[in-house]
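A.B. asks: pasting the sequence and the predicted model now:
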Amino acid sequence: MANRDDELDDGGAALIDRASAPHLAALSEMARDYARNARSDNTKRAYDADWRQFAAWLRRQGLDPLPPDPQTVGLYLAACMEAERGREPVSVATLERRLAGICWHYRQRGEPLDTSERHISTVLAGIRRTHGRPPTQKEAIFADELLAMLATLEMDLRGLRDRAILAIGFAGGLRRSEIVGLDCGPDQSEDGTGWIEIFPSGADLSSASRDSADVSSASNNDGGLLLTLNGKTGWREVEIGRGARPETCPVALLETWMRLGRISHGPLFRPIARKNGGVSPDRLTDKHVARLVQKTALAAGIRGDLTEGERRLAFAGHSLRAGLASSAQIEEAHVQKHLGHASPEMTRRYQRQRDRFKVNLTKAAGL
């Protein structure tokens with residue numbers, strides 16, 4: 001039997017509906033709104049695609065999606081691992097994400113699916129054992145490589161915007177959704193997921209850097225950029241200091257983009273029209289960040305030992321985030337806080353190069 005907690009994934013709206021309490025109707029609708037916002041737009045889009053794929057498979061088999069049938073879901077999982085018509089089997093990670101999307105949609109319909117039922121759990125366990133592979137990770141972009149990528153961009157408005165995106169994404173260790181979700185200030189848009197504050201040199205950073213141990217006095221600081229972000233693990237603040245050179249300083253690049261693009265309110269990073277070169281009022285999509293990293297990494301010749309196709313697959317938005325985690329020569333706890341990770345283990349997954357075998361238990365044991 002499914003866990004009763006599944007019934008609460010819709011914010012408790014299903015329980016309220018069954019209670020038939022008219023005075024709770026407004027709270028029921030509010031609960032639904034909160035439930036819809038429990039997952040990011042990217043996750044919801046992926047779950048929607050997973051459900052459409054599952055529903056299409058059911059139609060081809062002449063099966064009905066309701067009520068949820070664990071045996072049918074087990075057959076679907078097995079079908080996903082078949083290679084047919086030149087299509088390779090999906091990865092185990094993709095299969096698990098598809099199952100999560102299917103379960104989520106069933107819960108929205110008030111028909112929770114119990115994934116611990118043996119027709120699902122045993123099939124999935126067998127697939128993991130047979131097809132499981134270590135997780136593939138995107139290549140990390142290191143500081144010298146980032147400089148080479150910046151150098152491939154033009155000095156026009158589009159190039160200045162993209163320079164700021166790459167530099168801020170790297171220095172902040174940001175997810176691509178966090179980059180494009182930034183606004184110029186708080187409460188400036190409905191779809192924003194964070195905002196920026198720029199502090200000039202010598203500004204009082206006592207409130208912005210209250211947790212920073214290396215700020216000895218407000219008058220000696222170089223200023224910088226403070227990001228307030230609502231990420232996967234909740235709200236966090238990210239500090240980005242000024243660099244040594246204006247042409248590579250994340251804060252200076254951002255200030256240049258904002259000044260020349262006349263950006264002072266609303267979304268920070270926006271599309272630029274191809275016809276007249278004007279700046280759109282809309283928000284840039286996170287896919288632009290992934291394409292930008294891929295394009296500039298290719299142009300800079302990074303990982304030239306790989307084929308062009310392999311290099312396209314090797315780099316994405318997370319390459320910036322992994323690059324900072326791998327490059328920062330500071331205590332791991334500071335990196336974890338900066339990236340907003342819930343555990344040190346997650347931070348270590350992002351560190352592509354670190355001191356391995358620093359602790360030698362073999363010698364410590366006397367061998």
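C.D. replies: Received the coordinates, thanks.
A.B. asks: sketch out the low-pLDDT regions of the stretch 1-150 of the chain for me.
C.D. replies: Residues of the stretch 1-150 of the chain that meet the criterion pLDDT under 70 lie in 1-23, 33-40, 84-86, 134-136.
A.B. asks: can you check the stretch 151-300 of the chain too?
C.D. replies: Applying pLDDT under 70 to the stretch 151-300 of the chain flags residues 202-221.
A.B. asks: what about the helices in it?
C.D. replies: Using DSSP state H, counting those that start in this stretch, the helices found in the stretch 151-300 of the chain span residues 157-172, 176-180, 250-261, 286-299.
A.B. asks: of the ones you listed, which is nearest Cys103?
C.D. replies: Nearest to Cys103 among those is helix 176-180; the distance by Cβ to Cβ comes to 22.9 Å. No exception for glycine: its C-beta is placed from N, CA and C like everyone else's.
A.B. asks: mind putting the helices of the stretch 151-300 of the chain into a markdown table with distance to Ala100?
C.D. replies: Shown next, in a markdown table, are those (distance: least, Cβ to Cβ, whole Å):
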| stretch | distance to Ala100 |
| --- | --- |
| helix 157-172 | 27 |
| helix 176-180 | 18 |
| helix 250-261 | 35 |
| helix 286-299 | 20 |
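A.B. asks: which one of those helices lies nearest to Met81?
C.D. replies: Met81 sits nearest to helix 286-299 of all the helices of the stretch 151-300 of the chain, at 27.1 Å, using Cβ to Cβ.
A.B. asks: can I get the closest one as CSV, trimmed to CA atoms?
C.D. replies: The C-alpha trace of helix 286-299 is given here as CSV (Å, rounded to 0.1, in the frame of the first residue of the first chain):
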residue,chain,number,x,y,z
ASP,A,286,18.5,28.9,-19.1
LYS,A,287,19.2,26.9,-22.3
HIS,A,288,21.2,29.9,-23.5
VAL,A,289,23.7,29.4,-20.7
ALA,A,290,24.3,25.7,-21.7
ARG,A,291,24.7,26.7,-25.4
LEU,A,292,27.0,29.5,-24.5
VAL,A,293,29.3,27.3,-22.5
GLN,A,294,29.4,24.7,-25.3
LYS,A,295,30.0,27.3,-28.0
THR,A,296,32.8,29.1,-26.3
ALA,A,297,34.5,26.0,-25.0
LEU,A,298,34.6,24.7,-28.6
ALA,A,299,35.9,28.0,-29.9
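A.B. asks: touching that helix from outside, list them.
C.D. replies: Residues outside helix 286-299 that contact it (Cβ atoms under 8 Å, 6 or more residues apart in numbering) are 42, 139, 141, 145, 149-150, 152-153, 162, 165-166, 169, 176-177, 179-180, 271, 303, 308, 311-312, 314-317, 319-320.
A.B. asks: do stretch 300-309 as well
C.D. replies: Here stretch 300-309 makes contact (Cβ under 8 Å, 6+ apart) with Glu139, Ile141, Glu145, Ala148, Met149, Ala151, Thr152, Ala297, Leu298, Arg311, Ala314, Phe315.
A.B. asks: change it to 10 Å
C.D. replies: Stretch 300-309 has contacts (Cβ atoms under 10 Å, 6 or more residues apart in numbering) with 139, 141-142, 144-152, 296-298, 310-315, 319.
A.B. asks: the top helix by length along the chain: what's the following helix or strand?
C.D. replies: Using DSSP state H, we find that the single longest helix of the chain is helix 41-61. Downstream of helix 41-61, the first helix or strand assigned by DSSP states H and E is helix 70-80.
A.B. asks: quick check: buried residues in that next one?
C.D. replies: When burial is assessed from 16 or more other Cβ atoms under 10 Å, helix 70-80 yields the following buried residues: Pro70, Thr72, Val73, Gly74, Leu75, Tyr76, Leu77, Cys80.
A.B. asks: and that helix, what does it pack against?
C.D. replies: Applying 3 or more Cβ pairs under 10 Å, 6 or more residues apart in numbering; DSSP states H and E, one finds that helix 70-80 contacts helix 41-61, helix 92-108, helix 118-131.
A.B. asks: what packs against the second one?
C.D. replies: Under the contact definition 3+ Cβ pairs under 10 Å, 6+ apart, helix 92-108 sits against helix 13-19, helix 25-36, helix 41-61, helix 70-80, helix 118-131.
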